[in-house]
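>>> what's the 3D shape of this:
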Amino acid sequence: MDATLGGRRTGSGPPLVLVHGYLGGAAMWERLAERFAGRFDVIAPDLPGYGASADRPAPARIAGYAGAVLAHLDALGIDRFHLLGHSMGGMIAQEMAATAPGPIDRLALYGTGPRGVMPDRFEPIETSRQRLKADGVAATARRIAATWFLDGARAEAFPLCQRLGAAVSEGTALAGLDAMEAWDGRAGLGRIAAPTLVLWGDRDRSYGWPQPEALWRGIAGASLAVVPGCAHNVHQEKPALFETLVSDFLSPAPTV
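Alright, predicted model coming up:
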């Protein structure tokens, strides 16, 4: 079976891999990809079960998603890359960095944490699971996407997030919840060797402060960027600031 995933690829330069989160898709990275295309080979896969990879079965474990992204990059002939993961995608990026650290030059963990149970989440995962089964994917996508923005459903990027989430099958949505709930990356933090940026919006309702704090303190030498006045989707609420922070991290000043 072809190991490549659907998604988007644009630009030239060192590869930069962008991994989306739960009920997301490669389209969520459109602006960032456009901004970085002049400096990076931007690779934004649709995870199995999502977007242009909807024909692939969604794994029920984070390790399965990590393996799919690594296989995709191997099929593309990418042997070294920068990696940025958001939300569930940040869990996937942590798994990749802890189990296959060799190819990763720099790692950005954004709006995420090392605990899949997410004790500070806006609602327990089991509640999301039961409401998904009762209300359906479209209603669930609308409700959850609204928590990603300070302005809720009035946010400019909300329609895109709602549309991407509504396109996911119930099986894929349930598999993502199962994968997050079963995952615990805390033991792997000490194995992450790549220079790491932890980026978090201070009004994030999915990952409370103890989650990014655990990453920052648990990964040797990690840097921390806390963006004020932002919820879960900083890259869509304050895109210019997000791009500046990520760009600075990926292009550090030369040492004298």
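
>>> Any stretches of the stretch 101-250 of the chain with poor pLDDT?
Along the stretch 101-250 of the chain, no part satisfies pLDDT under 70.

>>> now the helices for it?
Along the stretch 101-250 of the chain, counting by DSSP state H, counting those that start in this stretch, helices occupy 125-135, 137-146, 158-166, 170-182, 210-218, 234-237, 239-250.

>>> Among those, pick out the one with the most neighbours on average.
helix 234-237 (a mean of 24; mean count of other Cβ atoms under 10 Å). C-betas here are computed from N, CA, C, even on glycine.

>>> I would like the residues contacting that one, please.
Residues outside helix 234-237 that contact it (Cβ atoms under 8 Å, 6 or more residues apart in numbering): 28-29, 31-32, 86, 110-111, 148-150, 155-157, 161, 199-201, 227, 230-231, 241-243.

>>> mind running it again at 6 Å?
Here helix 234-237 makes contact (Cβ atoms under 6 Å, 6 or more residues apart in numbering) with 32, 157, 201, 227, 230, 242.

>>> For the second one, the count of nearby residues, please.
To tie it back to what came earlier, the one meant is A157. By other Cβ atoms under 10 Å, 18 other residues sit near A157.

>>> Which residue comes closest to it once chain neighbours are left out?
Spatial nearest neighbour of A157, excluding adjacent residues (Cβ to Cβ, 6 or more residues apart in numbering): Q236 at 3.8 Å.

>>> One more: the fifth one?
Taking Cβ to Cβ, 6+ apart, and ignoring the residues beside it in sequence, C230 has G201 as its nearest neighbour in space, at 3.2 Å.
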